[in-house]
Structures are given as C-alpha cells and as structure tokens.
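Q: Sharing a sequence plus its predicted fold:
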Amino acid sequence: MLKGNFFRGLGYLGEGFRLIRQPGLRLFVVIPLVINILLFGLLFYFLAELFTAMIAAAMSWLPDWAWLQSLDWLFWILYGVVILLMLAYGFVILANLIGSPFYGYLAELTEKHLTGQVVSTDDGWSQIIRDIPRSLWREVQKILYYLPRAIGLFIIGVIPVVNLVAAVLWFVFNCWMMSLQYVDYPADNHRVSFPALRRLLGDTRLSALGFGLPVALAAMVPVLNLVVVPAAVCGATAYWVRENGPTNTDV
C-alpha cells in the first residue's frame, strides 16, 4: 500500500520558492542561478545550430516539389518540440552535475533555517570545495540509476499499444526521479547512501511523487527551469525535514 500524502508533497516546491528569498540563502541561490543562465545560453546556442541543420537536412530529403517545400513550417514545429525537450532534460542533468556542490551546501543552510539553527556561511567556500568529489560521485550514481530504466521504458515505448502505458510510466518515472534527484542533497548531507534514500522515499512514495510532479513539469519550461533548480533543492530539504527527519541515520 502506498504511503505518504500526495497533496502535501505538491506543496513543497512552492515552499522552496519562498525559501530561496531568505537573506541567509540568497547568495548560494544566486551563484548557481548565474551558472544555470550561462549553461542554458550555451545549450541554446548549440541546439539552435543543430535545429538549423536538422531543418536543412529534412528539406534536402524532400523532392523539389513546391507544395512539399512549403511544409518547412511543419518541420520547424516538430523539430522545435524535440529541441525544447532536449534542452529541458539536457539542461537539468548538466545543471545538477555542475552545481551539485552548491546545492548540497544550499540544502544544509536550508535545513538549518527550517530547524531554527544559526545560518552561517563563514566556511561556505571551503566546504563547497571539499565536497566536490563526493557531490560529483553522487550525481554519477543518480545517472547510473536513471539510464537503464530510461532505456527500458524507451524500448517499451516502441511497442504498439503497450506504448500508451509506457507514456504514463515515463511521466511517473520522471516525477520519481525529480524527487530522488533533489531530496538526495539533504540526504547526502546526512551521509545517507543512495540505496537507503530510495528506500526512505519509497516509504512515503505518495509524498515523493507529489513533490516530483510540479518539479518535472517546471523543468520542461524554458526560463522557469533556470530558477526551479534552487527552489527544488530548498523544497526537497523541507520534504526531508518533515517526511524523513526522524529517520535521518547513516545507512
């Protein structure tokens, strides 16, 4: 039986957006945000070049008939959707990989704020530098967890009829992954292993899916996905404190 509260989970991202405006947290929100903007700009530039090449290639394959050549607008729409999806998911993966040391520290500051501790950033930079190897390895673990399941869902998705179910499974899986992705930051601060985190989130699966749903939707919206990452980190920390706080043990 699924446990947790789906509707309570939905509220954590909104709380995250409120938390990123707190004075003690703003610096470590602004820095990843600047990184995200630069990263988004580079991805947009390279994918725009790819987009232009795809349109040119598609038009070159068509016979030189006037009515077919006039369908270039359709290719712009179809490839535009593909590029947007590539930009959204590619951005999320890279932003989390590059910004993970900042997000781990942001989660720590957020937890102190939520639990009434003094929020101090005196040793912030030294701690971020020390945590870089561990943070990067943690991101690799998440990617290794994601890839085989994504490939399996992709294979299911090409089977007629079954692909209707696969579309729903894809969306649910993305919600689950967004929850895993961001709750992992406060969990890692408590040295909770990634397998143990999956079990903890499984114990409150409805809450986890409720939190992951708005994050997954926001990650697909250009510009909004720039600010949703730090908000999701803060919201995930609120989730950790309230849903899993009593079980914060090293596993």
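A: Yep, it's here. Numbering: from 1, shown residues only.

Q: so where's the chain shaky on pLDDT?
A: 1, 47, 51, 54-91, 118-125, 127, 157-158, 160-164, 245-251 (pLDDT under 70).

Q: Could I get the full set of helices for it?
A: Under the criterion DSSP state H, the chain contains helices at 6-19, 27-61, 66-69, 72-114, 124-157, 162-189, 194-203, 205-219, 224-239.

Q: between the first one and helix 224-239, how big is the angle?
A: It stands for helix 6-19. 110 degrees (axes from the mean of the first three to the mean of the last three CA atoms, to 10 degrees).

Q: Which neighbouring elements make contact with helix 6-19?
A: Applying 3 or more CB pairs under 8 Å, 6 or more residues apart in numbering; DSSP states H and E, we find helix 6-19 packed against helix 72-114, helix 205-219, helix 224-239. C-beta coordinates here come from the backbone N, C-alpha and C atoms, glycine included.

Q: most tightly surrounded among the helices of the chain?
A: helix 224-239 (a mean of 26; mean count of other CB atoms under 10 Å).

Q: Just the angle for that helix relative to helix 194-203, thanks.
A: Using the same axes, to 10 degrees: helix 224-239 against helix 194-203 is 80 degrees.

Q: Return the distance of helix 224-239 from the chain's centre.
A: With CA atoms, centre = their mean, to the nearest Å as the basis, helix 224-239 stands 9 Å off its chain's centre.

Q: Packing partners of that helix?
A: helix 6-19, helix 27-61, helix 72-114, helix 162-189, helix 205-219.

Q: And the residue nearest to residue 115 when sequence neighbours are not counted, how close does it get to residue 181?
A: Computed as CB to CB, 6 or more residues apart in numbering, the closest residue to residue 115 that is not its neighbour in sequence is residue 241, at 6.5 Å. Separation of residue 241 from residue 181 (CB to CB, to the nearest Å) stands at 18 Å.

Q: same check, this time on residue 197
A: Separation of residue 197 from residue 181 (CB to CB) stands at 11 Å.

Q: next one: residue 5
A: Remark: distance between residue 5 and residue 181 (CB to CB) = 20 Å.

Q: repeat for residue 21
A: For residue 21, the distance to residue 181 equals 22 Å [CB to CB].

Q: Kindly report the same for residue 242.
A: From residue 242 to residue 181 the distance is 18 Å (CB to CB).

Q: and what of residue 26?
A: 22 Å.

Q: Also residue 189?
A: The value you get for residue 189 to residue 181, if CB to CB is used, is 15 Å.

Q: what's the answer for residue 187, then?
A: Distance from residue 187 to residue 181, by CB to CB: 11 Å.

Q: and what of residue 49?
A: 28 Å.
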